[in-house]
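K.L.:
need a structure here:
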Amino acid sequence: MLLVVTYSAAARTGLRNLCRRHESVVARRFGRAALFDETEYAAFLALRLRESHGGDVQIERTEPFNEFVAVEPAVREAAAAYADRSAKATPYAAFAAGTDHPDPEAMRDREL
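P.N.:
Just a heads-up that it's a prediction; the model follows:
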């Protein structure tokens, strides 16, 4: 996928118009950003937008996130347990204290 992010009002307008005219290449739209299919035509459209608006348009190539490859099982289990907690106002650090769940400070320092 190609992620196209805009940083000015004019670039956002250009992205909105591009997405309306070329719906077939747009996988998802997020206001000032959009995901395009990974095709030459989508790349052409993204590059055309960047040529028109310069540094106000950023284009990144993305890849799907596979949680079973990129994340340790303990992190997935902690996310599921935290989502299912009984006291919804409890912050994760307090929830994880004294358990086998990963420490939030340790997770902040580890890259995927």
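
K.L.:
please identify the helix or strand for the residue of the chain most remote from its centre.
P.N.:
Distance from the C-alpha centroid of the chain peaks at G98, with 31.6 Å (C-alpha atoms, centre = their mean). Under the criterion of DSSP states H and E, G98 resides outside all helices and strands.

K.L.:
check contacts around N66.
P.N.:
Not one residue lies near N66 by C-beta atoms under 8 Å, 6 or more residues apart in numbering. C-beta coordinates here come from the backbone N, C-alpha and C atoms, glycine included.

K.L.:
what does F95 give?
P.N.:
Contacts for F95 were tallied using C-beta under 8 Å, 6+ apart; they are 81-82, 85, 101.

K.L.:
now, of those residues, which are buried?
P.N.:
By neighbour count, with 16 or more other C-beta atoms under 10 Å, those hold H101 as buried.

K.L.:
and the contacts of F95, which of them are in strands?
P.N.:
Among these, no member falls in strands (DSSP state E).

K.L.:
got a markdown table for the contacts of F95, with pLDDT too?
P.N.:
Rendered in a markdown table, the data for the contacts of F95 read as follows (pLDDT from 0 to 100):
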| residue | pLDDT |
| --- | --- |
| A81 | 95 |
| Y82 | 96 |
| R85 | 93 |
| H101 | 95 |
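
K.L.:
which one of the contacts of F95 is nearest R48?
P.N.:
Set against R48, the nearest of these by C-beta to C-beta is Y82 (43.3 Å).

K.L.:
if we ignore the residues flanking it in sequence, what's nearest C19?
P.N.:
For C19, ignoring the flanking residues on the chain, the nearest one in space by C-beta to C-beta, 6 or more residues apart in numbering is V26 at 4.9 Å.

K.L.:
hmm, A34 and that neighbour touching each other?
P.N.:
Yes. If you go by C-beta atoms under 8 Å, V26 and A34 touch, sitting 5.8 Å apart.

K.L.:
so the two - more neighbours on which side?
P.N.:
A34 (25 against 19; other C-beta atoms under 10 Å).

K.L.:
wait, a strand at that one?
P.N.:
Yes. When classified by DSSP: H, G, I helix; E, B strand; the rest coil, A34 is found to be part of a strand.

K.L.:
many thanks, I have nothing further to ask.
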